[in-house]
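Peer 1: following is a predicted model, sequence given first.
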Amino acid sequence: MRICPSCGEDNPERARFCLNCASPLPAGAAAGRQERKFAAALFADLVGSTSLAEREDPEVVQAVVRRAFDRLSEEVERYGGLLEKFMGDAILAVFGVPTAHEDDPERAVRAAIEMQAVMGELNRGFAAEGRPQLQMRIGVEAGEVLVDLERAGGPRDRMLTGDAVNVAARLQTAAEPWQVVVGPAVYAATKNVIDYRELDPLAVKGKDQPIPAWQALRVKARRRGERPSLGLEARLVGRDEELGLLKQTFHRVEAEGRPALVTVLGAAGVGKSRLAYELLNYLESLSTLAYWRKGRCLAYGNVSYSALADAVKAQCEILEDDAPEVAADKARKAAELLFGDEAIAPQIGALVGAGESATQFSREELFDAWRRFLERMAARLPFVLVLEDLHWADSGLLDFVDHLADWAQGPLLVLTLARPELLELRPGWGGGKRNYSAIYL
């Protein structure tokens, strides 16, 4: 309804003049018009910014925070979110206002995960410039909210009210730095597409009962040839030293910002995959986020670079039944997300079997583009690339892993699992590399 500013009469939306006093009605949304919507609220807060302002020059802090907020805002908008307001060192964004989508909770969680990745990338730039680094925690919850439509189209402060907003703020407060914590409504809507770790219920101010909470870890990706989980796992016994080495290597890679290559060698069924699985469980228990991508070489129907292609498909969210043009579009968007342009999209498309053939490029062009793609991922978050059953790999993939170990930059851990037959194919595997370690099971 449109409200007449002269007499206060309610008028239908199509009316241009008041039906009571004939005064012209203002164009645009009705003053004070409100609407109930189902939306997802994302609340992000920079950790320790107050103490940072006490230690550092105010202009430096302002420049760092403004730069961070500009990049974070881009991620919110890229996933279709609307920035409700900035509150000092915090951001409130909403997904589902003014336009609702069927996957607004998923969009909010994806945006939150990417925001943390972008913050990691920014911090590496800040460190290189000698500027202070930032940490962030995020809470996300969905539910019915009351939206002031006039403010949604103009100044957005106090645009949104509802329990979902309050819960998102409480989840953010309870989160650890680098965590994305979601409430029950978002978990129920996204558990089939996002990997979560269940947290203890959170006792928060203003709620009689503790709120169930989950930490968002990553977007799920189905991969060809992956062994299904049996559901029951016995405790790992007798591998503490080997698992400890993997943990130490990951933390060294993360701290030094340099890559490492680790190969786990052992006969079939000795526990190579289980060791990698335990490392994944350990990473999921940490408060910080990390990329984990895995590919597997098959003993049958194996094509060139198949394991690497599986890992990159997971990053691009390409499904096995995607049409070539759909896969090519996803590869293009993934390259644009990481680089801001589509320069290496043809080479990524060639890897995942979409777009141009790999024969259109030289090996050097392909290796350079693929390495840069993985480096860019590692520039955002520490990155673990797992290549399983490497003894069945083609020579091209073995050459690329060798290239990656020699030339890659950034916190990238390449974990390869293989039977001893690998050393028959490449007797000098890993030889002469200072960043190489071998674990024999």
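Peer 2: Structure received.

Peer 1: what's next to stretch 429-441, contact-wise?
Peer 2: With C-beta atoms under 8 Å, 6 or more residues apart in numbering as the test, stretch 429-441 has contacts from 239, 242, 245-246, 249, 258-267, 270-272, 275, 398, 405-406, 422-423. Quick note: C-beta positions are derived from backbone N, CA and C, even for glycine.

Peer 1: average pLDDT for the helix ranked longest in the chain, rounded please.
Peer 2: As assigned by DSSP state H, the longest helix anywhere in the chain is helix 104-128. Mean pLDDT, computed over helix 104-128, is 90.

Peer 1: now stretch 182-198
Peer 2: Mean predicted confidence for stretch 182-198 is 92.

Peer 1: can you check stretch 380-398 too?
Peer 2: 93.

Peer 1: can you report how many residues lie near L441?
Peer 2: 15 (other C-beta atoms under 10 Å).

Peer 1: for it, give me the pLDDT.
Peer 2: pLDDT, L441: 90.

Peer 1: any idea how far it is from L387?
Peer 2: 17 Å (C-beta to C-beta, to the nearest Å).

Peer 1: and for A53?
Peer 2: 45 Å.

Peer 1: do V61 as well
Peer 2: 42 Å.

Peer 1: what about these two, which has more around it?
Peer 2: Neighbour count, other C-beta under 10 Å: between V61 and L387, L387 has more, with 25 against 19.

Peer 1: elements contacting the one helix or strand that one maps to?
Peer 2: In this assignment (DSSP states H and E), L387 forms part of strand 383-388. Packed against strand 383-388 by the contact rule (3 or more C-beta pairs under 8 Å, 6 or more residues apart in numbering; DSSP states H and E) you find helix 272-285, strand 291-296, helix 306-316, helix 363-380, strand 412-418.

Peer 1: quick one: the third one to chain centroid distance?
Peer 2: Using C-alpha atoms, centre = their mean, to the nearest Å, we find the averaged C-alpha position of helix 306-316 to lie 16 Å away from the chain's own average C-alpha position.

Peer 1: helix or strand right after that helix?
Peer 2: According to DSSP H and E, the helix or strand after helix 306-316 is helix 324-339.

Peer 1: can I assume L261 sits in a strand?
Peer 2: Yes: counting by DSSP: H, G, I helix; E, B strand; the rest coil, L261 is part of a strand.

Peer 1: okay, now it: neighbour count?
Peer 2: 24.

Peer 1: repeat that for D104.
Peer 2: 23.

Peer 1: list the contacts of it.
Peer 2: F38, A39, A40, G80, F95, G96, A142.

Peer 1: try A290
Peer 2: F250, E254, L283, L381, P382, F383, V384.

Peer 1: again, but for V147
Peer 2: Q34, E35, R36, K37, A39, V97, P98, M159, L160.

Peer 1: secondary structure class for the second one?
Peer 2: Under the three-state scheme (three-state DSSP), the conformation of E35 reads as strand.

Peer 1: and it, what's its pLDDT?
Peer 2: 81.

Peer 1: can you get me a residue count around it?
Peer 2: That count, for E35 with other C-beta under 10 Å as the rule, works out to 13.

Peer 1: the fourth one now?
Peer 2: Counted with other C-beta under 10 Å, the burial measure for K37 works out to 21 neighbours.

Peer 1: now the fifth one
Peer 2: The local packing of A39 (other C-beta under 10 Å) involves 26 other residues.

Peer 1: can you give me phi and psi for it?
Peer 2: Backbone torsions for A39, taken as degrees, to the nearest 10, come to phi -140, psi 160.

Peer 1: which strand residues bridge it?
Peer 2: For A39, the beta-bridge partners are G143 (DSSP bridges).

Peer 1: where's it relative to N192, distance?
Peer 2: From A39 over to N192 (counting by C-beta to C-beta), the distance is 20 Å.

Peer 1: low-confidence stretches in the stretch 1-150 of the chain?
Peer 2: Scanning the stretch 1-150 of the chain with the threshold set as pLDDT under 70 gives 1-9, 26-33, 149-150.

Peer 1: for it, what spans make up the strands?
Peer 2: Ranges of strands in the stretch 1-150 of the chain, per DSSP state E, counting those that start in this stretch, are 2-3, 10-11, 34-47, 82-87, 90-95, 135-148.

Peer 1: still on that earlier bit, just the buried ones from the contacts of D104?
Peer 2: Buried members of the contacts of D104, scored by 16 or more other C-beta atoms under 10 Å, are F38, A39, A40, F95, G96, A142.

Peer 1: which residues sit in contact with the fifth one?
Peer 2: It refers to G96. K37, F38, A39, A40, D104, A142.

Peer 1: what lines up beside the strand holding L387 in the sheet?
Peer 2: strand 291-296 (parallel), strand 412-418 (parallel).

Peer 1: so for K85, which of those sits nearest?
Peer 2: When those are compared by C-beta to C-beta, strand 291-296 sits nearest K85, at 30.9 Å.

Peer 1: just want the angle from the closest one to helix 363-380.
Peer 2: 140 degrees (axes from the mean of the first three to the mean of the last three C-alpha atoms, to 10 degrees).

Peer 1: what's in contact with strand 291-296?
Peer 2: With C-beta under 8 Å, 6+ apart, strand 291-296 has contacts from 117, 218, 223-226, 276, 280, 283, 306-312, 314-315, 377-378, 380-389.

Peer 1: and with 7 Å instead?
Peer 2: 218, 223, 225-226, 280, 283, 307-311, 314-315, 377, 381, 383-389 (C-beta atoms under 7 Å, 6 or more residues apart in numbering).
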